[in-house]
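Colleague: This is a predicted model, with the sequence first.
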Amino acid sequence: MLPRPEPASPDSEQFAARIAAAGEIYNDANVAAIYCVHGTFAGTDTFGMLTELARYAPALGEGLQHARKRVFDFFARETGNYTPRFAKDFETALSGRLSRKWPIPVHLFNWSGLNNHIGRADGAIRLLIQLADHATNTPEALDHPLRPRFQLWGHSHGGNVLALLANLLAAGEKARGHFFTHSQRYYKSWNSKDVSLPAWEQARAILADGAHPLRSWKVDYVTFGTPLRYAWPESTDKLLSFVNHRPEATPLRATSSSEKGDANYLGPQQFHPLQLACATAGDYVHQVGIAGTNFPPVPFALRMLLADLSLAKLLEADLESEWLLSRIHHGRRVAGSGTTLLVDYHDQGLRPWHHILGHAVYTRRQWLALHCEEVARVFYA
């Protein structure tokens, strides 16, 4: 648990200096690129309609997805959303003290934002292709004593996109085969011969190629308010999770004997409307967005629905049968893998449109310096 930190204004010298100091540590570790992945509802196609359109009219579907994302960025800005301004300021400050000719690039990765398994799987597939392209086109990153590293940041279910990506990169041929078999209704035609979404076959070929340049890179993962949905592979080297949490707001945990572990590391058992509106206990979306809270695809997206149901059998095969409310009341904050930092961002207040139940704070630039410093400390110190 971190003590209550203070934010750093993006216009301050402190902001630039703190991030630049972290940038020097990243550079020594050969972090060669950073990708920021948004969460559900901040994407290009939250309900899946444009993805279906793109099967039959790719240019039109993709054009509408880009337009939808631009509109969302205009209205949401930094409220639970990574913006171009965020990426630009991040990259500029991070590379402020580097002597090399090129900066550490910071990219935004946009995916559909669908709140279901197949939507997150599709995001992982498309991110894999972007990383593979970057690795192929950046041979200079290998001119370093250490292997080059991708550093991936995922907000909300963007972190679960990263979890699926990590599993794909770590999986053997048989496990990968199961994943693509369970997903094939989504990216193949009804006769299972023609591919309507070629990105999936492209990703499959990349994963099968043990000599692909991507295999020379290491991947580090940072998640922000990511609901605990998917297990991470044991081979994951570096994983850091930030969670907005205020233990003093959950007094019922102090006398609970049914929960294992320190009560200070658990979320609330009861959700009172006023506490929700004020984000009293921290990030409520992190606690609610667990298994059982997916949204079904739109009715006419039958292939997407069938693939999602099939993929659920694979991804939730070991999930215990339990009522959703009972699962939520467990209040798990700490992931079973990596390091979890519970942070009181002191964003509470009767402004639900601003904090989105405690879930929006992570993507604001005023906390970027803190996040960079903690990543440097936990991963590369």
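Modeller: Structure's in. What do you need?

Colleague: Check the spacing between the residue nearest to residue 336 when sequence neighbours are not counted and residue 183 real quick.
Modeller: The shortest distance from residue 336 to any residue other than its chain neighbours is 7.0 Å, reached at residue 231 (Cβ to Cβ, 6 or more residues apart in numbering). Any C-beta I mention is one placed from the backbone N, CA and C, and that applies to glycine too. Per Cβ to Cβ, to the nearest Å, residue 231 is found 18 Å from residue 183.

Colleague: The two: which has the busier surroundings?
Modeller: A count of neighbours by other Cβ atoms under 10 Å puts residue 183 above the other of residue 231 and residue 183, at 22 against 15.

Colleague: Contacts only, for the more buried one.
Modeller: The contact partners of residue 183, taken as Cβ atoms under 8 Å, 6 or more residues apart in numbering, are 118, 121, 200, 307, 310-311.

Colleague: Next: residue 129.
Modeller: 199, 202-203, 206.

Colleague: Swap in 7 Å and give it another go.
Modeller: Under the criterion of Cβ atoms under 7 Å, 6 or more residues apart in numbering, the contact partners of residue 129 comprise 199, 202-203.

Colleague: For those residues, give me JSON lines that also has neighbour count and secondary structure.
Modeller: Output for these, formatted as JSON lines (neighbours: other Cβ atoms under 10 Å; DSSP: H, G, I helix; E, B strand; the rest coil):
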{"residue": "199", "neighbour count": "14", "secondary structure": "helix"}
{"residue": "202", "neighbour count": "16", "secondary structure": "helix"}
{"residue": "203", "neighbour count": "23", "secondary structure": "helix"}
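
Colleague: Rebuild those as JSON lines, extending it with distance to residue 136.
Modeller: Written out in JSON lines, the entries for the contacts of residue 129 read as follows (distance: Cβ to Cβ, whole Å):
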{"residue": "199", "distance to residue 136": "16"}
{"residue": "202", "distance to residue 136": "12"}
{"residue": "203", "distance to residue 136": "14"}
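
Colleague: quick one: residue 199 and residue 127 touch, right?
Modeller: No - the pair residue 199 and residue 127 fails to qualify as a contact (Cβ atoms under 7 Å) at a distance of 10.4 Å.

Colleague: In helices, which of the contacts of residue 183 appear?
Modeller: With helices identified by DSSP state H, the entries of those that belong to them are 118, 121, 200, 307, 310-311.

Colleague: picking that back up, out of the contacts of residue 129, who's nearest residue 152?
Modeller: residue 203 (15.8 Å; Cβ to Cβ).

Colleague: how about the nearest residue to the closest one, chain neighbours excluded?
Modeller: Ranked by Cβ to Cβ, 6+ apart and with sequence neighbours excluded, the top spatial neighbour of residue 203 is residue 125, at 4.5 Å.

Colleague: separation between the one you found and residue 20?
Modeller: Using Cβ to Cβ, residue 125 is found at 35 Å from residue 20.

Colleague: the more surrounded of the two?
Modeller: Of the pair residue 125 and residue 20, residue 125 is the one with more neighbours under other Cβ under 10 Å, namely 28 against 18.

Colleague: got the buried residues for the helix or strand hosting that one?
Modeller: Assigned by DSSP states H and E, residue 125 belongs to helix 117-137. Buried residues in helix 117-137, counting neighbours by 16 or more other Cβ atoms under 10 Å, are found at 117-128, 131-132, 134-135.

Colleague: Tell me the one of these nearest residue 81?
Modeller: The nearest one, if we look at those relative to residue 81 and count by Cβ to Cβ, is residue 123, at 15.4 Å.

Colleague: how about the closest one, what does it touch?
Modeller: Contacts of residue 123 were listed using Cβ under 7 Å, 6+ apart, and they are 111-112, 161.

Colleague: Try it again at 8 Å.
Modeller: With contact taken as Cβ under 8 Å, 6+ apart, residue 123 is in contact with 37, 111-112, 158, 161, 164.

Colleague: swap in residue 198?
Modeller: Under the contact definition (Cβ under 8 Å, 6+ apart), no residues are listed for residue 198.

Colleague: Can you classify residue 219 by secondary structure?
Modeller: When classified by DSSP: H, G, I helix; E, B strand; the rest coil, residue 219 comes out as strand.
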